[in-house]
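1. here's my sequence, what's the structure:
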Amino acid sequence: MDSVLKVLSNSEIPSFNINANRVNFLSSPTEFYKTLKLLISTAQRDITLATLYIGSDDLSKDLVREINAALLKNSKLQCSILMDYNRSQRGSQNSLSILSSIERQQQLQCYLYRPFLYKKQPAFFLPSRWNEGIAVFHMKIYIADNSVILSGANLSEQYFVNREDRYVLIKNSPKFISYLRNLLKIIGNHSYKLVSGNLQPSTCSSSLYQDINNLQKNLSCQRFDCNKTRIFCSLQLPDVGYKNDSNLTLNLFKSLTKQEEMWLATGYFNLPKVYQQAILKSRAKINILAGSQETNGFFNDPSFARNIPPLYELLLQRFSHKISHSRFERLLISEFYRQDWTFHAKGIWIESPNENNVSICAFGSPNYGVRSMFRDVESHFILCTKNKTLREQIAKDRIRLFNYAIPFCNRKYKMVFRNSQSLTVFRQLSQQLRRTFGKNYRQNEGYLYLISEFRRNSVTDATFCRAEEELLSRARDYTRYLHSVFTLQELRGEFQKGERSAADAAKIVGLKLAEEKEF
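-> All right, here's what the predicted structure looks like:
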């Protein structure tokens, strides 16, 4: 872990000591929504929201009504909202039309950031939805007074109901939150501003790169003490040439040694080549969790976007082909699958089994893809702590996502997991384990063994000389065994109630014995 900590200490990016007891990892979209509404309703001085867009659904409208109520209740309260220029204006019912319902517009400042890449590429030739493919403002930072939620979730219904993401609540950290507020203010100064229903371009004379660089440099000279809980803040603004986040992420991948284990999650697997090379060369144990086609937000989309999920799976397939036989056991690829849910979570977790006193995790807006490196505006946060309670929270946050991991099918080894009999048997066996151990069956040793066996047997006799479909046959037998055990228990519960008399047995089949007479 020393090499990883050295990368962080030499990174020269803003970092802040925070109280570990004031950090809370939220566990669900519903909790995220309720917490955000509570922070807004209790704000006294300032509400600052940075997001890709605000939805036009009922839950999003309810959130805007909460903002409106807070402003009406307190004339000193100010609200600043920073969004992407194109995504926030998509369709007739869009983010701007929703925000127009706020009554005290004088207390609301709305900014729309348009990446400078649009000046270099012909975005005006593209339809309204396609132009978001060039670049977007992708940060998700939600501030209310001295509290902030750092997330990858946008502000629309699916992110409040059944779209898996990550949400980190940090309270009472004035220096850190002041930095975030200043950062968003700088970007807002270089954005379009909504004034009386009209968008006015920025009149800022300085360059965005210089303003961001000055803010970062003034806060990057603090000494790093690994005995304290510390959060590092890296940014990616490729449209102006500011790329310290991708450089830091790459250095983290390169610094991993065989003593460390890393988990990486992304909803859209499209790692840049430099990230792929660093991961493939690493001697650390690495677990990758990517969104499956079914959990991609574009799955079954009626538009052209329905072709996006297969493309991401193809990229994951090509990456899996690059894994050498010697690395196969230490580089595990899984797909997230949860019925009726979509997957939007992203992050990095680093642990060292030999050094059980330090945990490192990263969260924020980047998906660690090509877009995050070369196009979109991102904010990334890396938390380092020795606090036992916080480390338990970090582990729980990771397990929450990886509990829904299904081993990825690698066609190089002739196993198509999701569309084969193997997945059917896997799900049947999981169902039987759930009947046995209840809702927490994924934390049971039996389920963990099942996962490890499917991973270990994800190659055929072409590599390990196993009998064809050996694991599948064993799994089927065990599934039948568990099903038979439950069926036997049900039969015993219904019929095994002691020995029946001859008269009772006759009644069951509709017969009546003759009366016995005494002589």
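2. going by C-alpha atoms from here, please, whenever you check contacts or count neighbours.
-> Noted.
3. so Lys185 is in which element?
-> Using DSSP states H and E, Lys185 falls within helix 174-189.
4. quick one: low-confidence parts of the stretch 201-350 of the chain?
-> Filtered on pLDDT under 70, the stretch 201-350 of the chain yields the residue ranges 220-224, 325-326, 328.
5. again, only using 90
-> 201-207, 213-228, 239, 241, 293-294, 297-311, 313-314, 317-318, 320-332, 339 (pLDDT under 90).
6. centre of the chain to the helix holding Lys185, how far?
-> 24 Å (CA atoms, centre = their mean, to the nearest Å).
7. so what secondary structure elements neighbour that helix?
-> If you count contacts as 3 or more CA pairs under 8 Å, 6 or more residues apart in numbering; DSSP states H and E, helix 174-189 packs onto strand 108-113, helix 208-218.
8. give me the residues contacting the first one.
-> Think strand 108-113. Here strand 108-113 makes contact (CA atoms under 8 Å, 6 or more residues apart in numbering) with 78-85, 88, 137, 187-188, 190-194.
9. what's the angle from it to helix 174-189?
-> 70 degrees (axes from the mean of the first three to the mean of the last three CA atoms, to 10 degrees).
10. list of residues touching stretch 434-444?
-> Residues outside stretch 434-444 that contact it (CA under 8 Å, 6+ apart): Asn403, Leu433, Tyr447, Leu448.
11. among these, which ones are buried?
-> Neighbour counting by 16 or more other CA atoms under 10 Å classes Asn403, Leu433, Tyr447 among those as buried.
12. which parts of the stretch 201-350 of the chain are helices?
-> Along the stretch 201-350 of the chain, the stretches classed as helices by DSSP state H, counting those that start in this stretch are 208-218, 244-255, 273-281, 308-321.
13. including mean neighbour count and distance to Val509, could those helices go into TSV?
-> Shown next, in TSV, are those (neighbours: other CA atoms under 10 Å; distance: least, CA to CA, whole Å):
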stretch	mean neighbour count	distance to Val509
helix 208-218	15	86
helix 244-255	20	73
helix 273-281	16	70
helix 308-321	17	59
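14. in CSV, list the C-alpha atoms belonging to the biggest strand by length in the chain.
-> When the chain is parsed with DSSP state E, its longest strand is strand 355-364. Extracted in CSV, the C-alpha atoms of strand 355-364 (Å, rounded to 0.1, in the frame of the first residue of the first chain):
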residue,chain,number,x,y,z
GLU,A,355,-2.0,-4.2,5.8
ASN,A,356,-5.4,-4.3,7.4
ASN,A,357,-5.4,-0.7,8.7
VAL,A,358,-5.8,1.4,5.5
SER,A,359,-8.7,1.6,3.0
ILE,A,360,-8.8,3.6,-0.2
CYS,A,361,-11.9,4.2,-2.3
ALA,A,362,-12.7,6.5,-5.2
PHE,A,363,-16.1,7.8,-6.2
GLY,A,364,-17.6,10.6,-8.3
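15. how far does that strand sit from the chain's center?
-> Worked out by CA atoms, centre = their mean, strand 355-364 lies 16 Å from the chain centre.
16. now do the buried residues in stretch 49-65.
-> By 16+ other CA under 10 Å, the buried positions in stretch 49-65 come out as 49-56, 59-61, 63-65.
17. which of those residues fall in helices?
-> Taking DSSP state H as the definition of helices, these contribute Leu59, Ser60, Lys61, Leu63, Val64, Arg65.
18. one step back: looking at the helices and strands packed on helix 174-189, which is nearest to Ile13?
-> Ile13 lies closest to helix 208-218 among the helices and strands packed on helix 174-189, at 6.3 Å (CA to CA).
19. just want the angle from the closest one to helix 174-189.
-> Using the same axes, to 10 degrees: helix 208-218 against helix 174-189 is 170 degrees.
20. give the other helices and strands that helix 208-218 contacts.
-> Counting contacts by 3+ CA pairs under 8 Å, 6+ apart, helix 208-218 packs against helix 174-189.
21. got the contact list for Arg306?
-> Taking CA under 8 Å, 6+ apart, we find Arg306 in contact with Phe298, Phe299, Asn300.
22. pull the number of nearby residues for the first one.
-> Other residues near Phe298 come to 17 when the count uses other CA atoms under 10 Å.
23. go on, Gly297?
-> 21.
24. confidence score at Ile143?
-> Looking at Ile143, its pLDDT stands at 98.
25. isn't there a strand covering it?
-> Yes - assessed by DSSP: H, G, I helix; E, B strand; the rest coil, Ile143 belongs to a strand.
26. quick one, what contacts it?
-> When contacts are counted by CA under 8 Å, 6+ apart, Ile143 touches Asp46, Ile47, Thr48, Leu49, Ile149, Ile177, Arg181.
27. of all those residues, which two lie farthest apart?
-> Across the contacts of Ile143 (CA to CA), the longest gap, 14.2 Å, separates Asp46 and Ile149.
28. so for those two, which sits in the more crowded spot?
-> More neighbours surround Ile149 than the other of Asp46 and Ile149, with 26 against 18 (other CA under 10 Å).
29. sorry, back to before: so of the contacts of Ile143, which ones are in strands?
-> Counting by DSSP E, those contribute Asp46, Ile47, Thr48, Leu49, Ile149 to strands.
30. so the first one makes contact with Ser75?
-> What that stands for is Asp46. No - judged on CA atoms under 8 Å, Asp46 makes no contact with Ser75 at a distance of 11.2 Å.
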